[in-house]
Every structure is written in C-alpha cells, then in structure tokens.
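Enquirer: When you get a sec, could you give me coordinates for this:
(2 chains)
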Amino acid sequence: MNCAWAMLVAAAGVALVAPVSTTAPQQAPFRTTVARVRLDAMVTDRGRPIAGLTAADFDVKDNGRTVTGVEVEPIDEPVGVAIALDLGRSAREDGPNELVAACEALVRALEPRDHAWLLTFASTFALKAGPTNDPLLLTRVLEDVKMEDGSAMWDALFGAVSLAAGRPGRALVLLLTDGADPGGNGSRAGSTRTLDTSWLTEQKSVDVLRRADVVVSGIRPPGVLYGFNALEAAANATGGRVLYAQRGVKLDAQFTELLREFRTGYVISYPPAPSTRDGWHEVNVKLKGRRGTVRAREGYYEPGR
Amino acid sequence: MRRPPWVAGAAVSVVTAVATATIAAQQARVPLAFATFPQLFAEYRTGDWQAAATAFGEWQEELVRPASVVPPGADDAMIAALAMFHTDAGMAAGNFGAMAKGIPRGAVGLGYWGLDRAFEPHSRRAYELIEDLLDRAEERGGNRLREIARSWYITAISYCHRWGRRDCTRSLYEKGESLFHDDPDFRLVMGSVYHDTRMTQARLDARRVRWVVRQRLSQEPRWHFKQAKLKDPLLIEARLRFAHIIHVYLNDPDGRTEVEQVLREAQERNEAYFIYLAALILGELHEDAGRLEDAAKYYAIAVEATPAHTASVARGQALVRLGRRDEGFDIGRRMFGGEGPGVDPIDDPYVQYQYAQFREVPGRLNALRAFGRQP
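Expert: Here you go, the predicted model:
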C-alpha cells in the first residue's frame, strides 16, 4: 500500500459514549443499571494501531478534569455499517461514478459477521438494501443506481445513523460524498441545479450526532480538494475521520483497512463525571508517557439530555 | 410568428402526409425508430403517444425543425397536439428547455423573452406553436386556447425550474408575466421559482443577514404570492407560501397565524400535501423559537399525514435532541417503511415544495395532450 495512504487509513479512529456495566464493557450501551461512561478509542502510532495498552497508558479528561477509575478493554467485534452514497451531480461531474466504485470496494471488504445497509442520496434519499451481510445483494443494487441532482446529505446521515444505532454491537456510518454543501437555490429563478434539499442543518445534525452511539466516517473521492467541510464536522463530532482517496490507490485495501481498524481498538470506561447544567461533557483522551494518536469522540451528553 | 419561405410548399405535402400516415399507421405499423415525421405525429395523436414522443426525441437536433411544419388550415387541436408532441419529445429526451448545441448556459446576449434560437429545437418549436395558439385566441377571443397556453407556460416553467434550466425558466417567466400577470396560478408559479423554501430564520441568523437584505430577498416572491392571494383568496398554496416567507424573512407574527389557518383548512379538507407542509413549517417555527417540545408535536402531525422522509427526520431529530434518543432513532428507522430493492420511497411533499409547481406537471401534461390527441 502507498505509504501516505497507509498513514491516513491506519490513523482512523472510532469512539462510542454510553454508560455501561462495569463487568461487561463490550456489551451494547444503555443496557445496564450501573452507569459508566464508555468511549471507543483507536490508538495509532505513525499510522499503525498500538496493541497491548492498559488503563495506565491513558490520560482521560472529562470537562477538563482528569478522571479516575478508568478501565480499558481491547475490542474485536462485528460491526454494523450504514453506507450512505451520494448520487448527486452536485458533487462533481465525474464524482458519483467514482463513489459507486468506491462503495463496491467497501462492500467487498465486509466480513461475514458484519451487516450493512445501503442508502443513496441526492435531492432526497432512499434505503436501497439492508440490513444484510450479503455483498452480492449490495453489489447488485449498486448496478442500478442513477445519478441525480441535489444533495440531502444531512437528512441521509440522520437516516443512516438511525439504522445503525438500532442494532446491538458497534455501529459505523460511512458517507461516500465530497461533503460539499452546494448551497441553496438562491433567489434567482431556476437556479436549483445544485440545490441542497436537506431539511436538517449542520448545527442540528452535529447536535444529534453528539447524542448517538455511532461513529461517522467519510470517504471523499479522488480529486476532491482537501479542506474542512461539512463532512469533517460530522466526523469530528463522533470520533470518526475523513479519508481522502487518491487516484491509483487500491480502494479495496483502503476500506478493508478502515473496517479492520474499526473492529479493533479499545473501550475506555469510567464512572460518570459530575453533572453539568446543559448535560454536555467535553472529553479529551491522550496517551501517557508514550508516542501515539488517540481518536475518540469530542464529548457526550448525559442520558436524557 | 415568423415562418421560413419554404414552409408553404412543404406544408401542403405535410398535411397530405399526415392524413395518409394516420390511415397507414393503423394498417401497418412502421418501426418508430425509422418512421417519418408524419408517421410519428400520427402515432402520437392516435396511438402510442409515449413511444412516438420517445422516438421523436431521439432525432438529431438539426432534423427536428425542418420536419415540423404546420399545415395551412390546421385546426386548433392539431397545433396544440404538435406543440405537445414537441414538448413530450423534448422531455422524453431529457433536454426540454436546454440550450441548443454549441450555446453555453447563460450565454451573453440571451433576450430572456420566450424560447428563441438559443434553445434546443423541441422546446423552441413547442413555444412557437403555443404562440400560434395565443395569436388565434387573440383573434377570436377564445378562452380555451388561452387557458391551454397558460397551462403550458406553467408546465414548462415548472419543468425547467425542476431540472435547473435557468435560462429557460427565466425566458418563459419574463414572457409569461406579460401574458398572464392577472392569473393567480401564474402568479403562484412566478413566486414559487423565486421562493427559497429551504431558508429558515435560523439559517438567516447564522448568516447574519440584515433586515434590509431580508426584505429584498423576499420581495419578489412575496409580491407574487400576495397578488395570487388577492386574485384567488382560496388558493391555499399561495397563502401557505406567503405566510412561510413573511415568517422566515420578516418574522411577521401573521405568518404563524396564517400557517395555522392553512393547517386547519387542510385538515378539514383532508389534503395531506398541505397538512404535511403546514405542520412541518409550524414545527420549524417553534423549533426556531427554541420550543422543541411544541415542534415535535407538529412534526408528528406531518408524519401522520404522509410518512415521508423529511417529517420523520424532523420529528426524529427533535426527539433525540430532547433526550428521547431511542424513540427518536426509532422514528428514523421506521421512516423507510418497506424500502429496499425495487421499492422506492413515497414522494416527499417537502421536496416537491422546493420545485415550484412541478408536482402538477403530470396532470397538466395529460390535460394538454387530451385536447390535441384523437385516440
């Protein structure tokens, strides 16, 4: 694999936040009476996952305070992946075709124990398949997709998060889009070619994502310019990341690596920190005394807030 | 209407050919891909209009106009049928209202006064034929022909607006205003193409849009909707759009009152489209004001009226943000119903709302076809 690509892919991180049992940190969240905060974290060093870490290796801050009673467990679970594929011509003239190809590569990277959904979105969105662990079904559906106009990305994201959040186990939402908000229809007659038809806004979406036990990652097709956009906002809120596919690199290998990393990593849990007025807790996780990068969600809301 | 000099000669042969082809088409079907214009037109008027329009839509651009000649003595129905044949052919090819070959979008020098030679031949020819009908209506004072022309304009503007054919939309808009400015339905479509239905108070605030700018942004659609309301006080869509705009842009409390009234009336008439939209707008209105609980109640009304995506997204996100996470995501999951391979989502009124009167296009096309066809 291309070296630069390997670093990008291997740095992917995932995280979840929820109160869980102290005795079963890998179980689905919100299922126990003893509440603990749970974070999923991906730890890498120069693009390679670091194995064998313990609680002593982590420095966890909740609203700026170092927390005690941290427990750390490695994870290796099947995952539910909701794939949201952008078919809007607004992305780029040739973008959607590359995204379809990228999506096919992702489907092939699924393992038999995983399950997946496929949503497509343009001016509106539709569930094309799922939940299924049949890559052939997903591939067949992809053969029939057509390019359209518009980009209801935020609405499609809510749909994908709802699907992924409803099953036990770890959940990943993958957005295959350029992530650009093409803007409104303005005030000129007929200027709807790049209409963003989302009802949701970025602000509302991020607020929802902060309350969901789902990681959102994005894959942007080759040729899209780097830079912050709406896709990064969604990924940052959930501890996900955005991959920039490059021309000439095997997408299959990239996606296989991305999913493998999502399956591995660590569950960090700790007793709840004191309640705050708005229920929001900003979380910061770092390694102590060693080099490495930790990716985890930026915070969580207390249950019921 | 300007006609090239060769028209008169060609017209005689065309009228004969059309009559002959009508009979011939009934006796022995020519494969439509190889059919001549008279054969295709005969098939359109009397047989499989869809197949004929599709075949005609596949013709090379330069062959379309020379073939399409109005025979002398053609009656109103034949001209209307020919206009609709071109309209259907252009739409079947997916390029009705697009620019002609070699003309860039928004080219300098466009007059924006009807569809001239800058536009692809089917839409241009249809427009010319509709002009013919209007001339006839003026000569004879016929309301029926004027009504056909008006409906064609609304259809063509909505179609071009839906598919982002900005030059077509504007050209028909400008010309249509001179013809139908007194018509409430036409005022409605004029306002609708200028109406940014996605805009909310929160979005305007986030962009720090000044009051003067808000006035200016909303001025044109407000004016058209107001005129439409004055001319037809029962025109529910004009009232809804007007109320929506004055709430979003001007924070006018009358907006909320009017949308509530529209919701009540729509519920009385059991009009799901307007129940959905009015409830969604009211929910957003409450959400913008920080009343998320009230918003969720209105979103529930919208979901009940039509379980389409947008209302489900609105209700689901409101519940999640109220701390009712499981309930909210459950709404999100249920919005897909039986969707999957081969099962499409139901039409979402919120998406239709953004495309002016495009939802009326199939019905209007059917009515327009019915006038000229003789199946």
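
Enquirer: beta partners of the spatially most central residue of chain A?
Expert: With distances taken as Cα atoms, centre = their mean, the residue of chain A nearest its centroid is A:V216 (1.7 Å). Beta-bridge partners for A:V216, by DSSP bridges, are A:V173.

Enquirer: Ok, A:R65 next?
Expert: A:D62.

Enquirer: Kindly report the same for A:I268.
Expert: Beta-bridge partners, per DSSP bridges, of A:I268: A:L39, A:V72.

Enquirer: if we can go back for a sec, didn't the residue nearest to the centre of chain A look like it was pressed against A:A235?
Expert: Yes. Counting by Cβ atoms under 8 Å, A:A235 is a contact partner of A:V216 at 5.6 Å. Every residue, glycine included, has its C-beta placed from N, CA and C.

Enquirer: Now the common contact residues for the two.
Expert: Any residue near both A:V216 and A:A235 by Cβ atoms under 8 Å, 6 or more residues apart in numbering or on different chains counts here, and not one turns up.

Enquirer: check contacts around A:E282.
Expert: A:E282 makes contacts with A:62-64, A:298-299, as judged by Cβ under 8 Å, 6+ apart.

Enquirer: Top of the residues you listed by number of neighbours, please.
Expert: A:D62 (22 neighbours; other Cβ atoms under 10 Å in any protein chain shown).

Enquirer: That one and A:V283 touch, don't they?
Expert: Yes. A:D62 is within contact range of A:V283, at 5.8 Å (criterion: Cβ under 8 Å).

Enquirer: Show me where the stretch 151-300 of chain A has its helices.
Expert: A:153-165, A:202-209, A:230-238, A:251-263 (DSSP state H, counting those that start in this stretch).

Enquirer: Make TSV out of the ones you listed and add mean pLDDT, distance to B:R187 and mean neighbour count.
Expert: Supplementary listing: those in TSV, determined by pLDDT from 0 to 100; distance: least, Cβ to Cβ, whole Å; neighbours: other Cβ atoms under 10 Å in any protein chain shown:
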stretch	mean pLDDT	distance to B:R187	mean neighbour count
helix A:153-165	93	31	29
helix A:202-209	90	34	20
helix A:230-238	83	36	22
helix A:251-263	72	51	20
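
Enquirer: Tell me which of the ones you listed sits nearest to chain B.
Expert: Closest of the helices of the stretch 151-300 of chain A to chain B is helix A:153-165, at 2.5 Å (criterion: Cβ to the nearest Cβ).

Enquirer: Counting neighbours, what do you get for B:E174?
Expert: The burial count for B:E174: 15, using other Cβ under 10 Å.

Enquirer: And it, how far from A:L87?
Expert: Distance, B:E174 to A:L87, using Cβ to Cβ, to the nearest Å: 33 Å.

Enquirer: Let me see the backbone angles for residue 47.
Expert: Defaulting to chain A. phi 90, psi -10 (degrees, to the nearest 10).

Enquirer: Return the residues in contact with the residue of the stretch 1-150 of chain A with the smallest separation from chain B.
Expert: Proximity of the stretch 1-150 of chain A to chain B (Cβ to the nearest Cβ) peaks at A:L127, 4.1 Å away. A:L127 sits next to A:117-119, A:159, A:163, B:336, B:339-340, B:345 when contact means Cβ under 8 Å, 6+ apart.

Enquirer: Summarise which helices and strands the one helix or strand B:K229 maps to is packed against.
Expert: For B:K229, the element it lies in under DSSP states H and E is helix B:211-231. Contact partners of helix B:211-231 among helices and strands, from 3 or more Cβ pairs under 8 Å, 6 or more residues apart in numbering or on different chains; DSSP states H and E: helix B:184-194, helix B:236-250.

Enquirer: Next, the buried residues of the first one.
Expert: It stands for helix B:184-194. For helix B:184-194, the neighbour count (16 or more other Cβ atoms under 10 Å in any protein chain shown) marks B:184-194 as buried.

Enquirer: which one of those residues is nearest chain A?
Expert: B:V193 (4.3 Å).

Enquirer: ok, back up a step: which one of the helices and strands packed on helix B:211-231 lies closest to B:A202?
Expert: The closest approach between B:A202 and any of these, judged by Cβ to Cβ, belongs to helix B:236-250 at 9.5 Å.

Enquirer: Tell me which residues are up against that closest one.
Expert: B:184, B:187-188, B:191-192, B:195, B:197, B:199-201, B:204, B:214-215, B:217-218, B:221-222, B:225-226, B:228-229, B:232, B:252, B:254-259, B:261-262, B:265-266, B:271, B:274, B:277-278, B:281, B:285.

Enquirer: hmm, back to that, distance-wise, check the residue of the stretch 1-150 of chain A closest to chain B relative to B:G338.
Expert: With Cβ to Cβ as the criterion, A:L127 and B:G338 are 9 Å apart.

Enquirer: residues in contact with residue 103?
Expert: Going with chain A. Here A:C103 is in contact with A:83, A:85, A:118, A:142, A:176 (Cβ under 8 Å, 6+ apart).

Enquirer: not quite, I wanted chain B
Expert: B:I103 neighbours (Cβ under 8 Å, 6+ apart): B:118-119.
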